[in-house]
Structure formats: C-alpha cells, structure tokens
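A.B. asks: Whatever this is, show me its structure:
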Amino acid sequence: MALKLLIALVFIGMVASLAAGAGFLLRDHGASRRLLTSLKWRVGLGCLLMALLIFGFWTGELG
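C.D. replies: Just a heads-up that it's a prediction; the model follows:
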C-alpha cells in the first residue's frame, strides 16, 4: 500500500513539474534557467518512477 502511495506522489510531482515548466516557458519565453531546472526534476522523477515500478513488479506488490 505504501509503494502505491509513493508511486502516486511521484507521478503527481511529475505532473506538477510539467505544469511549472509550461508556465516558465510561457512567462520567460525560454530565456531563464527555471525551465531547465523543471526539466531536470521531471527527468529525475521519471527515473524514480520507473525504478519504483520495476521494484514493485519484482517484489510482487504490483503484480
């Protein structure tokens, strides 16, 4: 149950990072480093999400 909650929180974090990146792109026209930072967070959270999913299927908690 805790793994599913953690997966949901990481996914929500990815969506929030996506929304923040879109806002930075529209406001700053891509001229600031905030857009790059948002992309870095989204990639990192995506890797964490994949690792959690693989771990969940490997242990049988999501299977």
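A.B. asks: how about residue 11, what does it touch?
C.D. replies: Neighbour list for residue 11: residue 49 [criterion: Cβ atoms under 8 Å, 6 or more residues apart in numbering]. To be clear about C-beta, it is placed using only N, CA and C from the backbone, and glycine gets the same treatment.
A.B. asks: do you know how far it is from residue 62?
C.D. replies: Residue 11 sits 13 Å away from residue 62, going by Cβ to Cβ, to the nearest Å.
A.B. asks: Mutual contacts of the two, please.
C.D. replies: Residues touching both residue 11 and residue 62 (Cβ under 8 Å, 6+ apart): none.
A.B. asks: which intervals of this protein have sub-threshold pLDDT?
C.D. replies: Across the chain, the ranges flagged by pLDDT under 70 are 30.
A.B. asks: Quick check, central residue of it?
C.D. replies: residue 14 (2.7 Å; Cα atoms, centre = their mean).
A.B. asks: and that one, what helix or strand is that in?
C.D. replies: helix 2-28 (DSSP states H and E).
A.B. asks: That helix: which residues count as buried?
C.D. replies: For helix 2-28, a neighbour-count test (16 or more other Cβ atoms under 10 Å) marks 7, 10, 13, 14, 17, 20, 21, 24 as buried.
A.B. asks: List just the nearest of these to residue 42.
C.D. replies: Of all the buried residues of helix 2-28, the one sitting nearest residue 42 is residue 17; the distance, using Cβ to Cβ, is 4.3 Å.
A.B. asks: ok, the closest one - contacts?
C.D. replies: Applying Cβ under 8 Å, 6+ apart to residue 17 gives the contacts 38, 41, 42, 45.
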